[in-house]
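Participant: Provide a 3D model corresponding to the input given below.
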Amino acid sequence: MKHLNIDLETYSSVDIRSAGLYKYVQSPDFDVLLFAYSVDSAPTVVIDLAQGERIPPDVLAALTDQNVIKHAYNAPFEWYSLSKFLDIRPESWINQWRCTMFHGLYCGYTAGLDATGKALGLPQDKRKMSAGKALIKLFCTPTKPTAKNGNRTRTMPHHEPEKWELFKDYNRQDVEVEKEIENRLSSFPVPESEQRLWELDQLINAYGVRVDEKLISGALYISDTITDELTREAVQLTGLPNPNSATQLAGWLKSHGLEVENLQKATVAELVETTDGDIKRALEIRQELSKTSVKKYQAMAAARCEDGRVRGLLQFYGANRTGRWAGRLVQVQNLPRNYLETLGHARELVRDRKIEALKLIYGNVPDTLSQLIRTAFIPSEGNKIVVADFSAIEARVIAWLAGEQWRLDVFNTHGKIYEASASQMFGVPIELIKKGNPEYALRQKGKVAELALGYQGAAGALIQMGALKMGLTEDELPDIVRRWRSSNKRIVDLWYKIENAALSVMKTGMPAGVNGLIFARESDMQSGLDFLTITLPSQRKLFYAKPFLTANDYGKESLNYFGLNQTTKKWEQVPTYGGKLVENIVQAIARDCLAETLKRLSAAGYKIVFHIHDEVVLDVPEEYADLDQVIDIMRQPIDWAPGLPLNADGFVSDYYKKD
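Facilitator: Numbering: from 1, shown residues only. The predicted model follows:
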């Protein structure tokens, strides 16, 4: 026996959607109901554990045999569940697991067993059974007691014997689908380095991060109190039954002489500055109520395990176009920023539920609660939080990839890319672009250009990045685009070289190389799979499924592929172009730099609790909380990226924050 394909059906009273895998499994009533397995691709067998059947001795032995590879779709679930069921330390056998979902994501497909099956073209009889969701709800979650069901709180096999047999078929089919997906993807294997990184990711997720329960409960209490107060004031002020309703409030404003197109945050912020009296106060209340969202505090409370830690915050390969991680549960990838200078004091007031003091000192209490969300992540007892992030990682990577020497010189010296960009664009000595000088206004143009234009963006990208809110006019934008592109000719060349390489591969079928990247067409006749691949300097590949050429809106030949449309969330045709491909590649290389750092930090003994794009968050004993050592690790050259100038900065704290 060399391979086991496994799928479990389990029960827990904990809601896995809100609490996550780890709290779900740690629940005292967690139980494995069905164990489906296939040995070396043989037909799948289902063991009905809920009705007294036992896993065969040879399969049990294989489960604990380090030479037998265990496969599952979304393998972290089976790995962690069986760790509890078999009383195995999770970290001791993670290297024996392979995740077919990750394999699909690596090859450019979406998550979800049925969705991946559809994308791969599996026929209906080889896909996930449609009745699965209803059966899982019936047997795997608590049952609402009613007179009709005898007031039971859980449905057992003997309550619904016919549906239980169908559930066993569903369990069996999941393994068969997983095997078929794995078989089709087998010609495009996951690199060993990515497998090792996936294993590290599981250990990071299982370790988790401690959260401040007192701060969370205080924030939820204060939010409820303030929301009630503001709502009562708004009702009294406007006379509306529901002043939170945009429609009702817009009608009230119209009756008071103010017509509005919408009541979105930006619109309300502008109106607050130009109104007065009751209208101004009504808008201020709406503005404050928009900040009262405590979903992230609620998410922390829901996912908090008995030991005070939240686990499972990261989804490996969550952004499968680049391989970046995505957030789960609390969604650490989009936490609100904090600007308060006295975060520590604000934290203590919230922990002690001192609402009046918060009002007196900080004014806008909902905004204060929003800024404190990050600080709910705290170190283990006796430890410190160490936060370190790469400096301008994407700007460094694109300069290195394109060979834009003046930018590399900036990053190898002072690092002031906004000032340097403005200097290049407007021909002004960088020494003059400093606070107090008239030339300092150029820095704003350099900054917005740097943020918006690296991936073939034009005036629209500048607007999207907030150029007009920075005081620039639309008439100025085309000149900024022209000046930036003129100053970064190698980056502009890179857009077209990469686009032409992709088009060439599609037309000729022959590989093409660009600046250390390899473009190729990779297909497998047996499975019918076809990809355009880009091999990165790290030797990881980016996959573009079912590529083809077609004319774009300008009548120009362009590359298309099939992927997850981020707007519609559907698997469909996606057009692309040089700048977008450069964005994918640069973000993927930046991701690989972070991956290299995670491996190095782990090897050095640091406990990583989570990370966000270019930032790592560590839980370190106070006596070892040496920021300089962490920064040194992040600055170390990477073998596959000679000449890439990496730099990092960070801080040590008693809680997580944005420094």
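
Participant: Return the distance of stretch 148-158 from the chain's centre.
Facilitator: 39 Å (CA atoms, centre = their mean, to the nearest Å).

Participant: What are the buried residues along that stretch?
Facilitator: Using 16 or more other CB atoms under 10 Å as the test for burial, stretch 148-158 gives 155, 157. In short, each C-beta sits where N, CA and C put it, glycine included.

Participant: before we move on, what about stretch 464-476?
Facilitator: So for stretch 464-476, counting by 16+ other CB under 10 Å, buried means 465, 467, 472.

Participant: distance between the ends of that stretch?
Facilitator: Using CA to CA, to the nearest Å, one end of stretch 464-476 lies 15 Å from the other.

Participant: distance between that stretch and the chain's centre?
Facilitator: Distance of stretch 464-476 from its chain centroid, counting by CA atoms, centre = their mean, is 29 Å.

Participant: residues making contact with that stretch?
Facilitator: Outside stretch 464-476, the residues within contact range by CB atoms under 8 Å, 6 or more residues apart in numbering are 444, 445, 448, 451, 452, 457, 459, 462, 463, 477, 480.

Participant: List buried residues within those.
Facilitator: For the contacts of stretch 464-476, buried by 16+ other CB under 10 Å: 445, 448, 451, 452, 457, 459, 462, 463, 477, 480.

Participant: The third one and residue 418, how far apart?
Facilitator: Between residue 451 and residue 418 the distance, using CB to CB, to the nearest Å, works out to 9 Å.

Participant: intersection of neighbour lists for these two?
Facilitator: Common neighbours of residue 451 and residue 418, counting by CB under 8 Å, 6+ apart, are absent.

Participant: re earlier: what would the buried residues of stretch 464-476 look like in CSV with distance to residue 252 and pLDDT?
Facilitator: Below are those laid out as CSV (distance: CB to CB, whole Å; pLDDT from 0 to 100):
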residue, distance to residue 252, pLDDT
465, 35, 92
467, 34, 91
472, 35, 89
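
Participant: Which of those fall within strands?
Facilitator: When DSSP state E is applied, those are split such that none fall in strands.

Participant: for the stretch 401-550 of the chain, what spans make up the strands?
Facilitator: For the stretch 401-550 of the chain, the strands defined by DSSP state E, counting those that start in this stretch occupy 512-514, 517-524, 529-535, 541-551.

Participant: wait, which of the buried residues of stretch 464-476 is closest to residue 620?
Facilitator: Closest approach between these and residue 620, by CB to CB: residue 465, at 35.5 Å.

Participant: how close does the closest one sit to residue 477?
Facilitator: From residue 465 across to residue 477, the span is 11 Å (CB to CB).

Participant: Where do the domain boundaries of this structure fall?
Facilitator: 3-186, 213-378, 383-391+516-659, 405-487 (automatic domain parsing).

Participant: Need the distance between the two termini of the shortest one.
Facilitator: If I follow you right, that is domain 405-487. End-to-end span of domain 405-487 (CA to CA): 11 Å.

Participant: Distance from the chain centre to that domain, please.
Facilitator: For domain 405-487, the distance to the chain centre is 29 Å (CA atoms, centre = their mean).

Participant: Begin at 3 from now on, thanks
Facilitator: In the new numbering, first residue 3, that becomes domain 407-489.

Participant: what pLDDT, on average, does stretch 492-503 get?
Facilitator: What stretch 492-503 shows for mean pLDDT is 98.

Participant: Buried residues, that stretch. List them.
Facilitator: 492, 493, 494, 496, 497, 499, 500, 501, 503.

Participant: Identify, from those, the entry nearest to residue 223.
Facilitator: Checking the buried residues of stretch 492-503 against residue 223 with CB to CB, the nearest one is residue 493 at 51.2 Å.

Participant: The closest residue to the closest one other than its chain neighbours: how many residues sit nearby?
Facilitator: Residue nearest to residue 493 in three dimensions, not counting chain neighbours: residue 404, with 4.5 Å by CB to CB, 6 or more residues apart in numbering. The number of residues packed near residue 404 is 24, by other CB atoms under 10 Å.

Participant: repeat for residue 168
Facilitator: By other CB under 10 Å, neighbour count at residue 168 equals 17.

Participant: cool, residue 655 as well?
Facilitator: 18.

Participant: related to what we said a few turns ago, mind putting the strands of the stretch 403-552 of the chain in a markdown table, distance to residue 257 and mean neighbour count included?
Facilitator: Formatted as a markdown table, these follow (distance: least, CB to CB, whole Å; neighbours: other CB atoms under 10 Å):
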| stretch | distance to residue 257 | mean neighbour count |
| --- | --- | --- |
| strand 514-516 | 62 | 15 |
| strand 519-526 | 61 | 17 |
| strand 531-537 | 58 | 20 |
| strand 543-553 | 53 | 17 |
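
Participant: returning to what we had before: was I right to think the residue nearest to residue 493 contacts residue 496?
Facilitator: Yes - checked against CB atoms under 8 Å, the pair residue 404 and residue 496 is within contact range at 4.3 Å.

Participant: any residues in contact with both of the two?
Facilitator: Residues touching both residue 404 and residue 496 (CB under 8 Å, 6+ apart) are residue 517.

Participant: pLDDT weak spots in the stretch 3-152 of the chain?
Facilitator: 127-131 (pLDDT under 70).

Participant: tell me the pLDDT at the residue lying closest to residue 316 once chain neighbours are set aside?
Facilitator: Using CB to CB, 6+ apart and skipping residues adjacent in sequence, the residue nearest residue 316 is residue 327, 5.0 Å away. As predicted, residue 327 sits at a pLDDT of 97.

Participant: Next one: residue 327 from residue 616, what distance?
Facilitator: Where residue 616 is concerned, residue 327 sits at a distance of 11 Å (CB to CB).

Participant: Which one's more surrounded, these two?
Facilitator: The neighbour comparison of residue 327 against residue 616 (other CB under 10 Å) goes to residue 327, with 25 against 19.
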